[in-house]
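Undergrad: sequence? don't have it. structure:
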């Protein structure tokens, strides 16, 4: 057995500093778990002058990635630098040099996960990435190991803390989207350029990784249908609440015999749904398995120490595998060929908000259009619009084919009584009616 | 590599039938995961004439445990018969015969887990028991692997479905304890003799297993302080709700430098706490780690198929270890000596309900008693009691030493103005004030 295990760290930002602290603070526990000390041998940094909130010997720091990757003592490379192309090059180099790799990089794994797993496996190396989805929540392990014997049909995730924070503030404090976003930026829950978060791309990357694992299928990022929250209004949230719903940015992955469907979009959930009470910057992943039924994993989706926990837990897995001599032999290739649903194979339940002229027969025209396209209603709410000759009509439908909805959405705009199709959201997590 | 892996099943009741169904239905997935078919070779049953809701070849059934345990082809023994002494004998026999063991038996693991782990390890065998706590929720794996690098300070669990169902009905429908219990019995959520559930013993067994794993300490069942829900009234729940609390039967395991404290008792939680919205027969385990912060695992705590999922996932782990040749080498002995808190080292926040004479200076006498014993108030609610010269006073305290509370509870009864100490519950999951 080795006397000491050495880690090479690529990046010393928020997550990297957390990893250093965790390894320093929990050294005794690590020694107990893996049987020898764990040492941070080399750390790649960009800027030697930058002030850091972690104590680390200067001689360990380098600006040359090769010093880290090709250090003969380094057993495990921990990639927490972010970005795609550079990180990919380094990880491939590391795997080819027979170093095990732990990464927190969702962008990279969503785009190149399959390629990297293949290279890792060929080189007898572990490649682990629990921290890439939902920060400190051990959901990938839960899916792969804990629920591995089940047939998982649905994964629904609140996997972006920024958007969940914004929607929570809009819902609880009646803020507009713009004000809530500004608050989130001031508190550090949203970036100066929030696009990747609020437009759903960050969540789409995580759903790609989750769906791949849950469905044992080679899902690509471009398979995810993505819509962000920047168009959501506080009025939508208020009307939704009147009907018993809460809005969340939901990553939705579902499969049946026809194939799989993966999307990220703002959607309404019944208030009784386990995901509905996940607030502020917290994340949660709801999993439905044929045998197990409903389960949910809840926790912090980001942050220095939570994400570091996931990284270091993966490092411990690698170290245990080293002790047992079984690295690179745990990866399982996808079981199924990828099969995605076509539009006419998708079924959904919708919340639809319309502005309608206050005129005899208006509602009749609308109901006829829905009926003609095989869609029935579960709930209707009509309210007068102050100071206008218009009414607001909210319709919640039963489940119906996406193709029928597409026709309805098109024809609604042609109806003379409808002045505007104001909003249109899927309702998820309700009964299958 | 083996051409086929054989399972020996001890018991074919609710969980056993689920295991058979899951292995039959998910055979393709199992083959994909472990590389060869998984076959149920022998099944121990008590009664050959009993009707079963699972299709299984009669020749596989036996009433002699030795036929199962000592079958040369059997690689893994799955114990789902329940009970303690007989199951313990069979499992020890199996481990000594070098069979790996998967069990769903919380009673057994709570009492003899350490002994059995030691025997397993000595014989190079795996002993896994994910199904013993919180049915289908992969929480033991989450604690051991996913959060293994963190220092866990608190585990709070709703780990008994029967009591959570009863408390949910009392809370939501205003039922009395007796009516709610009867409802639960009619629906199959409570047994004819509900003692082990409603008096907290079942939860105590699960908390023993959770605390052992989370704290890496050799906790025994008798270390758990246990109080059940049979004395809880709907009035308690109503007053709690007025103050923003929900009552749950909480398994509480906490540690700091002074030691560990494990209890099971009905306690109030703030309505915003993640555990507060866990309803009906569902279970959830809330974990606080120094680095990760708050996480929660939610799902079904019992039931044939959910529990079977956990059992079969453990079987898959054993089979993967067999393929890698590393069985019996993953167990980690406790890191810490057991150290339990004494009464004067425990701190708590209490909800206290009193019946008090309506008399000038009554409240002053009570507040003086608390102040004299270093306990301050966070909330007070006083209500007149209809038709009596009495008032109901509810006090929620700040955190204070258990020893101080013990003195107060004793002296309250001696105060002339206090006619009755009606109720007394800990408030958990609130801020540390």
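TA: Good, I have the coordinates. As the structure is a prediction and not an experimental result, all values here were calculated from the model.
Undergrad: drop to CA atoms for contacts and neighbour counts, all remaining ones
TA: Noted.
Undergrad: domain ranges for chain A?
TA: Following the assignment in automatic domain parsing, chain A carries domains at A:5-134+A:304-324, A:139-300, A:343-427.
Undergrad: could you give the mean pLDDT of stretch A:170-189?
TA: The average pLDDT within stretch A:170-189 is 95.
Undergrad: what's the answer for stretch A:301-317, then?
TA: 94.
Undergrad: quick one on the thing from earlier: residue B:277 is nearest to which of the domains of chain A?
TA: Proximity to residue B:277 (CA to CA) singles out domain A:139-300 among the domains of chain A, at 7.6 Å.
Undergrad: start and end of stretch A:156-167, how far apart?
TA: 17 Å (CA to CA, to the nearest Å).
Undergrad: repeat for stretch A:205-223
TA: Terminal-residue distance, stretch A:205-223 (CA to CA): 10 Å.
Undergrad: one step back: format the domains of chain A as CSV; extra columns: distance to residue B:297 and mean neighbour count.
TA: Putting the domains of chain A into CSV (distance: least, CA to CA, whole Å; neighbours: other CA atoms under 10 Å in any protein chain shown) gives the following:
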stretch, distance to residue B:297, mean neighbour count
domain A:5-134+A:304-324, 14, 20
domain A:139-300, 5, 21
domain A:343-427, 24, 17
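Undergrad: quick one: those as JSON lines, columns for distance to chain B too.
TA: Listed next are the domains of chain A as JSON lines, based on distance: least, CA to the nearest CA, whole Å:
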{"stretch": "domain A:5-134+A:304-324", "distance to chain B": "4"}
{"stretch": "domain A:139-300", "distance to chain B": "4"}
{"stretch": "domain A:343-427", "distance to chain B": "21"}
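Undergrad: so which of those domains gets nearest residue B:213?
TA: Of all the domains of chain A, it is domain A:5-134+A:304-324 that lies closest to residue B:213, at 12.7 Å by CA to CA.
Undergrad: strands of the stretch 101-250 of chain A, residue ranges please.
TA: A:127-128, A:152-158, A:224-226, A:245-256 (DSSP state E, counting those that start in this stretch).
Undergrad: for the shortest one, packing partners?
TA: Other elements packing on strand A:127-128 under the criterion 3 or more CA pairs under 8 Å, 6 or more residues apart in numbering or on different chains; DSSP states H and E are strand A:100-103, helix A:106-122.
Undergrad: would you format the strands of the stretch 101-250 of chain A as JSON lines with distance to residue A:207 included?
TA: Output for these, formatted as JSON lines (distance: least, CA to CA, whole Å):
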{"stretch": "strand A:127-128", "distance to residue A:207": "17"}
{"stretch": "strand A:152-158", "distance to residue A:207": "8"}
{"stretch": "strand A:224-226", "distance to residue A:207": "8"}
{"stretch": "strand A:245-256", "distance to residue A:207": "6"}
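Undergrad: next up, phi/psi of residue A:44, please.
TA: Main-chain dihedrals, residue A:44, degrees, to the nearest 10: phi -80, psi 130.
Undergrad: relative to residue B:356, how far out is the residue lying closest to residue A:427 once chain neighbours are set aside?
TA: Nearest residue to residue A:427, sequence neighbours excluded (CA to CA, 6 or more residues apart in numbering or on different chains): residue A:268, at 4.6 Å. In this view, residue A:268 and residue B:356 are 48 Å apart by CA to CA.
Undergrad: mean pLDDT and distance to residue B:302 for the strands of the stretch 101-250 of chain A - can I get that in a markdown table?
TA: As requested, those are exported to a markdown table (pLDDT from 0 to 100; distance: least, CA to CA, whole Å):
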| stretch | mean pLDDT | distance to residue B:302 |
| --- | --- | --- |
| strand A:127-128 | 96 | 31 |
| strand A:152-158 | 97 | 18 |
| strand A:224-226 | 97 | 34 |
| strand A:245-256 | 97 | 25 |
